[in-house]
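*Asks:* just to be clear, the model below is a prediction. Sequence and coordinates:
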Amino acid sequence: MKVVVDMNKCQDHGQCVFAAPEVFSMDDSGRLAYVADPDDALRDEVEEAADVCPLQAIRIED
Amino acid sequence: MTPRSARVVVAGASMAGLRAAEQLRAAGWTGAITLVGDEPHMPYNRPPLSKEVLAGKAAFTSLSFRPRASVADVQWRLGTKAVAARLARNTVELDDGETLSYDGLVVATGMRPRRLSCPGPLVGRHTVRTIDDAQSLRQALTRPAVRVVVVGGGFIGCEVAATAVALGARQVTVVDPLPLPMAGPLGELLAGALLKRHEERGVRFALDAGVTGFTGDDHVTGVALGDGTVLPADVVVESVGSVANTEWLDGNGLDLSDGVLTDEHLRVGGRPEVVAVGDVARFPNARYDGVPRRVEHWCIPTDTAKHAAKTLVAHLTGSTAGLPPFAPLPTFWSDQHDFRLQSFGAPALGKEDVRVLEGVLDGDVVVGYHTGGRLTGVVALGGQAAAVAASRYRAELLKQPAPTA
Ligand SMILES: Cc1cc2nc3c(=O)[nH]c(=O)nc-3n(C[C@H](O)[C@H](O)[C@H](O)COP(=O)(O)OP(=O)(O)OC[C@H]3O[C@@H](n4cnc5c(N)ncnc54)[C@H](O)[C@@H]3O)c2cc1C
């Protein structure tokens, strides 16, 4: 599974961090960081993170 | 196992309808799914309509949701309206004359803007709910030197006012019958701070003021207020709340007094095969008191879809969902000018006891709402740092048991 975040769209809402904390995180200044190739076992969490992104900036590729 | 001929009909093909279809699949539903939606568009994201889209910073085409692969085989009946339902017979009638029978029904028909019934011309008056609304409002706002009156000082009204200022409108005035904007959901402390910020950035306010009519012959030229004042206006935006799209459910003995009343598992009218999701659902939240409420926040279509789909699929497949009662933690945001409001929990339930938790009211601030001494919600106002600070209280809110008051 590959995770792609459109950083031009991302507005650092942080909802993905709540949904998939092992994949998405916020640095101290509130900017998003993420794991681009998470384990497939985390798919549910990542799908949820993509759902809850208000900007719909998260894409999952297989 | 799903019988192959079984069908779930989802009425309303916007965010809640799409999420419901996806969550039905995630919950194991392999039968047919038909989504009926009266808009001609595939489901799209509404929050940018009053913000980026109106400002010209996001293309209309960028708003579409990307459906999960699991719903590639669902049937879309776009541009088609559900006009009646007979729940006792498991059927829904469409405006093209067809009658669909279902095994499961998902009510996802959302809201439409309330309109003012005062006298006056219609041309020049706008609402913001759909892509088409936003497109026509953008056209009106980008004409040179327009004077804008926004009727209604709620979140969407204030967002539109902020965007209109950014677009260079000559004058932008928000009219509201209450003494402060957004005080209903946020309480006076933050509402006062928000009023100040909006005024500093060029938005004017006519508060404690009711609209009695519109002036002009074929096109609006002004908004008449109760005290006799007429605010000149080339563009009027009516942002005075919304009405649930439930007329198609009339005649089934349901409580449709404010959206569709559901039980704690989002079931409608005591029927295990009918659930409601999104803005239209009026559900009790086990996290708070037992009072059923509609919650017009962006997180709710996804939260309700997940729970309702599990409830429905368990019933349709003859298994038990064994779910605890629905108890989402509401979240909400609003972007206005250069600041963001970020909310977790239910601030409106703790409006009587509001305290600054971090920061200062005229800078970045996090405000806590309490009832019986307990935190019910937090709202951050400011830049990204405030939102991050507010999110630290989220865990505390998640741990809160329901207040008994
Ligand atoms: C301009 C705007 C800005 C917003 N900004 C924010 C924000 O910043 N933060 C936030 O948290 N929330 C925001 N929201 C709220 C959020 O967008 C909504 O909560 C969400 O869109 C609700 O989705 P829904 O699918 O339940 O309802 P809707 O989006 O209303 O969808 C219902 C769909 O059903 C269709 N329909 C209605 N009747 C029928 C029928 N009889 N037959 C078939 N189809 C029918 C409708 O046309 C519509 O397509 C905003 C909303 C708007 C309008």
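*Replies:* Cool, the structure landed. The shown structure was predicted, so the numbers you read here are calculated from the model rather than taken from an experiment. Numbers count the residues shown, from 1 in each chain, chains lettered A, B, ... in the order given.
*Asks:* what count of nearby residues applies to B:Gln139?
*Replies:* Residues contacting B:Gln139 under the criterion other CB atoms under 10 Å in any protein chain shown number 11. All C-beta atoms are positioned from the backbone trio N, CA, C, and that covers glycine.
*Asks:* which helix or strand contains it?
*Replies:* B:Gln139 belongs to helix B:131-141 when assigned by DSSP states H and E.
*Asks:* output the longest helix belonging to the chain.
*Replies:* All of this refers to chain A. Ordering each helix of chain A by length in residues (DSSP state H) puts helix A:43-52 first.
*Asks:* switch to chain B, please.
*Replies:* helix B:299-316.
*Asks:* for the helix or strand just after that helix, the distance to its chain's centre please.
*Replies:* Sequence-wise, the next helix or strand downstream of helix B:299-316 (DSSP H and E) is strand B:331-336. In terms of CA atoms, centre = their mean, to the nearest Å, the centre of strand B:331-336 is found 12 Å from the chain centre.
*Asks:* so which elements touch the helix or strand containing B:Val160?
*Replies:* Using DSSP H and E, B:Val160 sits within helix B:155-166. Contacts defined by 3 or more CB pairs under 8 Å, 6 or more residues apart in numbering or on different chains; DSSP states H and E place helix B:155-166 against helix B:52-55, helix B:131-141, strand B:147-151, strand B:171-176, helix B:188-200, strand B:203-207, strand B:235-238, strand B:331-336.
*Asks:* enumerate the residues of the stretch 251-400 of chain B near the ligand.
*Replies:* By the rule CB under 6 Å from any ligand atom, the part of the stretch 251-400 of chain B lying against the ligand is B:278-279, B:296-298, B:300-301, B:332-334.
*Asks:* what is the longest helix of chain B packed up against?
*Replies:* Helix B:299-316 packs on helix A:43-52, helix B:15-26, strand B:104-107, strand B:271-276, strand B:281-283, going by 3+ CB pairs under 8 Å, 6+ apart.
*Asks:* most packed of the ones you listed?
*Replies:* Among those, strand B:104-107 has the highest mean neighbour count (mean count of other CB atoms under 10 Å in any protein chain shown), at a mean of 29.
*Asks:* direction included, what does that one pair up with?
*Replies:* strand B:7-11 (parallel), strand B:271-276 (parallel) (DSSP bridges).
*Asks:* which stretches in chain A count as helices?
*Replies:* Using DSSP H, helices in chain A cover A:15-19, A:43-52.
*Asks:* any chance of the ones you listed in TSV, plus mean pLDDT and distance to B:Val274?
*Replies:* Shown next, in TSV, are the helices of chain A (pLDDT from 0 to 100; distance: least, CB to CB, whole Å):
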stretch	mean pLDDT	distance to B:Val274
helix A:15-19	96	29
helix A:43-52	96	24
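*Asks:* so which of the ones you listed gets nearest B:Gln171?
*Replies:* Distance to B:Gln171, taken as CB to CB, is lowest for helix A:15-19 among the helices of chain A, at 36.1 Å.
*Asks:* B:Ala286 reaches B:Leu329, doesn't it?
*Replies:* No: taking CB atoms under 8 Å as the definition, B:Ala286 is not a contact partner of B:Leu329, at 11.3 Å.
*Asks:* how about the residue of chain A at minimum distance from chain B, phi and psi?
*Replies:* Per CB to the nearest CB, A:Gly30 is where chain A lies closest to chain B, at 3.8 Å. In this entry, A:Gly30 is assigned phi and psi values of phi 90, psi 20 (degrees, to the nearest 10).
*Asks:* do the same with B:Leu357
*Replies:* phi -90, psi -40.
*Asks:* and the pLDDT for it?
*Replies:* We note a pLDDT of 97 for B:Leu357 in this prediction.
*Asks:* likewise for the one 4 residues further on?
*Replies:* The model reports B:Leu361 with a pLDDT of 95.
*Asks:* can you give me the strands in chain A?
*Replies:* Ranges of strands within chain A are A:2-5, A:24-26, A:32-34, A:58-61, based on DSSP state E.
*Asks:* count of neighbours near the closest residue to B:Pro328 other than its chain neighbours?
*Replies:* For B:Pro328, ignoring the flanking residues on the chain, the nearest one in space by CB to CB, 6 or more residues apart in numbering or on different chains is B:Asp303 at 4.1 Å. The number of residues packed around B:Asp303, counting by other CB under 10 Å, is 25.
*Asks:* same check, this time on the one 5 residues further on
*Replies:* The local packing count at B:Ala308 equals 33, with neighbours defined by other CB under 10 Å.
*Asks:* near chain B, anything from the longest helix of chain A?
*Replies:* Yes: using CB under 8 Å from any CB of the partner chain, we find that helix A:43-52 touches chain B at A:47, A:51-52.
*Asks:* can you classify the most centrally placed residue in chain B by secondary structure?
*Replies:* Nearest to the mean C-alpha position of chain B, by CA atoms, centre = their mean, lies B:Glu296 at 3.3 Å. On the three-state scheme (DSSP: H, G, I helix; E, B strand; the rest coil), B:Glu296 is labelled coil.
*Asks:* surely it is in contact with B:Ala281?
*Replies:* No: counting by CB under 8 Å, B:Glu296 does not reach B:Ala281; the two are 10.5 Å apart.
*Asks:* re the thing from before, how about JSON lines for the strands paired with strand B:104-107, with mean pLDDT added?
*Replies:* Output for the strands paired with strand B:104-107, formatted as JSON lines (pLDDT from 0 to 100):
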{"stretch": "strand B:7-11", "mean pLDDT": "98"}
{"stretch": "strand B:271-276", "mean pLDDT": "98"}
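*Asks:* quick one: which of the ones you listed is nearest B:Val36?
*Replies:* Taking these one by one with CB to CB, strand B:7-11 is closest: 5.2 Å.
*Asks:* which residues touch the closest residue to the ligand within chain A?
*Replies:* Residue of chain A nearest the ligand, by CB to the nearest ligand atom: A:Pro54 (7.0 Å). Taking CB atoms under 8 Å, 6 or more residues apart in numbering or on different chains, we find A:Pro54 in contact with A:11, A:13, A:15, B:45, B:47, B:298, B:333.
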